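Trainee: Prediction below, plus the sequence it came from.
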Amino acid sequence: MALRPLVVIPDSILREPSKPLERVDEDVRALAKDMLETMYDAPGIGLAAIQVAEPVRMLTIDLSREGEERDPHVFINPEIVARGDDFSTYEEGCLSIPDYYAEVERPASVTVNYIDLEGRQQTMEADGLMATCLQHEIDHLNGVLFIDHISRLKREMVVKKFKKLAKERGGTRLAI
Ligand SMILES: [Zn+2]
């Protein structure tokens, strides 16, 4: 297992749609392990493969709290197949937008089809934080960030801040 560097905005790779995985093999399992390790180290509760620069449709999520036993979930090719009628609001953050948080309203429940690490087709009916987290991470697979769900003014402010930081660091791709 290895820690992978996290991609942060304004890196344009975060805007690319990720490709479905065609099979679950050793490489996919190794990437899932790296993603979990990277997510725990950050620390974060969810990670999409694109955030470690792998443009494939895979997510890791663990909602266990500090001191509780770990509860890792890996979702391959996840797809939202149903959304509930009610909405809920959570203060969201993102490992690709460090130290920025904002309230986002999303459907309070979703049904997600996915493939697990053994290659089996699964369905999860999620609500609460799991529903929000799944929607946030599946957005990543489509090149969408949580700041796309907030006001344009707030989004422009945060993007500007990160562009300035990137410029000071030198180098990285600037388009977002
Ligand atoms: Zn995120």
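Mentor: Arrived safely, thanks for sending.

Trainee: Centroid-nearest residue for this protein?
Mentor: When Cα atoms, centre = their mean is applied to the chain, the residue found nearest the centroid is residue 137 (3.2 Å).

Trainee: Just to check, it is in contact with residue 49?
Mentor: No - the pair formed by residue 137 and residue 49 falls short of the contact definition of Cβ atoms under 8 Å, at 9.7 Å. Yep, even glycine has a C-beta here, placed from its N, CA and C like the rest.

Trainee: circling back: am I right that the residue nearest to the centre of the chain is in a strand?
Mentor: No - under DSSP: H, G, I helix; E, B strand; the rest coil, residue 137 falls outside any strand and is assigned helix.

Trainee: Now do the same contact list for it.
Mentor: Contact partners of residue 137, counting by Cβ atoms under 8 Å, 6 or more residues apart in numbering, are 46, 47, 48, 59, 61, 75, 78.

Trainee: Okay, strands next: where are they in this structure?
Mentor: With DSSP state E as the criterion, the chain has strands at 46-48, 58-61, 73-83, 87-94, 97-107, 109-115, 121-127.

Trainee: Flag the shaky bits of the chain, pLDDT-wise.
Mentor: The model of the chain has pLDDT under 70 over residues 1, 171-176.

Trainee: related to what we said a few turns ago, any shared contact partners between residue 137 and residue 49?
Mentor: Between them, residue 137 and residue 49 share the contacting residues residue 59, judged by Cβ under 8 Å, 6+ apart.
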